[in-house]
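Novice: Show me the folded form of this:
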Amino acid sequence: MHNTPPASDDLPDAAGDEAAATPADDISAQAGDPNFMASLARGLAVIEAFSPQRRQMSISQISQKTGIPRAAVRRCLYTLAKLGFVSAEDGRNFALRPRILSLGHAYLASTPLAKAAQPVLRDVSNRLHESSSIAILDGDEILYIARASTSRIMTIDLDIGSRLPAVYTSMGRVLLAHLPEDEREACLGRAKLIQYTAHTLMTVEALRTELARVRAQGYAVIDQELEIGLRSIAVPIAAPDGKVVAAINVGLQAARVSVAEMEERILPVLRDAAAELALLLA
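Specialist: You can find the predicted model right below:
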């Protein structure tokens, strides 16, 4: 699909890519580590198999998505059900239960940025009348930890806990641009180059050049690379030691606001918000 991201469980989704690694492959790669708990890893993979698009899944569906054998998936679900994290009202299709929120709440409750961000984001959104978000880098994806939405601007729902590919998002590029060079190159080497639109950068060299520009100018703009009609702009949020720990962005409809206007009107507001959030990290 070239005009919008694939309507699938995650972005990008490797469901159509037979060569893509599954969680089971990642677990198998740790087989030589005597301290690695494969059973725990399988349980977490089963939990992560659920998504807003796949709220209910059968054992066979989870097995297919994760690559974990059905017998192991069945044991994981049995254990998770006993602990109150999943249930299957019809005895066949499993769904997450509210108790699963406790796993993420501990992180959000202990992270100063996530706790302090919401009022700042609301202020940004109120001033600009646009949706704004904060995300951190988690592997090769960005993870949304706070969001203030004025309207839905993408074909997928974004909320706290949502993930998107770092190389094709404004916040992701800000975060990648400020990584140490070896870590940045490793991420580029693993990047899945998917042509979401005609504007999508499709070579590692093009992405490397863009990340160098983002680092030099101190902000990133994504102009309809992930989805036609969507533009976003992001700036880094730095800790007192200067390390970039998160990014804040504003996303909007391309038809309403040009890139030049984003840089003139929105960028200063984002920089002010990033500076305020940096003080809260001190």
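Novice: Only C-alpha atoms from now on, for both contacts and neighbour counts.
Specialist: Noted.
Novice: just how off-centre is stretch 271-278 within its chain?
Specialist: 21 Å (Cα atoms, centre = their mean, to the nearest Å).
Novice: Next: stretch 242-252.
Specialist: In terms of Cα atoms, centre = their mean, the gap separating the centre of stretch 242-252 from the centre of its chain is 13 Å.
Novice: Then stretch 264-275?
Specialist: For stretch 264-275, the distance to the chain centre is 22 Å (Cα atoms, centre = their mean).
Novice: which of the residues in that stretch are buried?
Specialist: Of the residues in stretch 264-275, 266-267, 269-271, 273-274 count as buried by neighbour count, 16 or more other Cα atoms under 10 Å.
Novice: same question, stretch 130-143
Specialist: Buried-residue list, stretch 130-143, by 16+ other Cα under 10 Å: 130-137, 140-143.
Novice: Show me the strands in the protein, by range?
Specialist: Per DSSP state E, the chain carries strands over the ranges 56-57, 86-87, 94-96, 131-138, 141-148, 163-165, 220-223, 230-238, 244-253.
Novice: taking those together, which one is wrapped up most tightly?
Specialist: Highest mean neighbour count among the strands of the chain (mean count of other Cα atoms under 10 Å): strand 230-238, with a mean of 26.
Novice: Just the CA coordinates for it, please, in PDB.
Specialist: This file holds the C-alpha atoms of strand 230-238, laid out as PDB (Å, rounded to 0.1, in the frame of the first residue of the first chain):
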ATOM      1  CA  LEU A 230      -0.200  14.100   7.400                       C
ATOM      2  CA  ARG A 231       2.600  16.400   8.400                       C
ATOM      3  CA  SER A 232       4.400  16.500  11.800                       C
ATOM      4  CA  ILE A 233       7.200  18.400  13.400                       C
ATOM      5  CA  ALA A 234       9.200  17.400  16.500                       C
ATOM      6  CA  VAL A 235      11.900  18.700  18.800                       C
ATOM      7  CA  PRO A 236      14.100  16.800  21.300                       C
ATOM      8  CA  ILE A 237      13.600  16.900  25.100                       C
ATOM      9  CA  ALA A 238      16.900  16.700  26.900                       C
END
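Novice: Pick the one among the buried residues of stretch 130-143 closest to Ser102.
Specialist: Closest approach to Ser102 among the buried residues of stretch 130-143 (Cα to Cα): Leu143, at 17.3 Å.
Novice: that older thread, I'd like the buried residues of stretch 264-275 as a markdown table, with pLDDT and distance to Ala191 appended.
Specialist: Formatted as a markdown table, those follow (pLDDT from 0 to 100; distance: Cα to Cα, whole Å):
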| residue | pLDDT | distance to Ala191 |
| --- | --- | --- |
| Ile266 | 96 | 29 |
| Leu267 | 97 | 27 |
| Val269 | 96 | 31 |
| Leu270 | 97 | 27 |
| Arg271 | 97 | 28 |
| Ala273 | 95 | 30 |
| Ala274 | 95 | 27 |
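Novice: Present those residues as JSON lines; the columns should include distance to His199.
Specialist: Formatted as JSON lines, the buried residues of stretch 264-275 follow (distance: Cα to Cα, whole Å):
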{"residue": "Ile266", "distance to His199": "22"}
{"residue": "Leu267", "distance to His199": "22"}
{"residue": "Val269", "distance to His199": "26"}
{"residue": "Leu270", "distance to His199": "24"}
{"residue": "Arg271", "distance to His199": "26"}
{"residue": "Ala273", "distance to His199": "29"}
{"residue": "Ala274", "distance to His199": "28"}
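Novice: Now Ser132: closest residue in space, sequence neighbours ignored.
Specialist: Leaving aside its chain neighbours, Ser132 sits nearest to Val250 (4.3 Å; criterion: Cα to Cα, 6 or more residues apart in numbering).
Novice: wouldn't the one you found be in contact with Val235 here?
Specialist: No. Using Cα atoms under 8 Å as the test, Val250 is too far from Val235 to be in contact (9.5 Å).
Novice: Tell me the residues that contact both of the two, please.
Specialist: Leu270 (Cα atoms under 8 Å, 6 or more residues apart in numbering).
Novice: who touches the closest residue to Ser149 other than its chain neighbours in this structure?
Specialist: With Cα to Cα, 6+ apart as the criterion, Ser149 has its nearest non-adjacent residue at 4.3 Å, and that residue is Ser131. Applying Cα under 8 Å, 6+ apart to Ser131 gives the contacts 125, 147-151, 250-252.
Novice: Next: Gln56.
Specialist: 50, 93-96.
Novice: With distance to Gly84 and pLDDT added, can I get those in JSON lines?
Specialist: Below are the contacts of Gln56 laid out as JSON lines (distance: Cα to Cα, whole Å; pLDDT from 0 to 100):
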{"residue": "Phe50", "distance to Gly84": "16", "pLDDT": "91"}
{"residue": "Asn93", "distance to Gly84": "15", "pLDDT": "94"}
{"residue": "Phe94", "distance to Gly84": "12", "pLDDT": "96"}
{"residue": "Ala95", "distance to Gly84": "11", "pLDDT": "94"}
{"residue": "Leu96", "distance to Gly84": "9", "pLDDT": "92"}
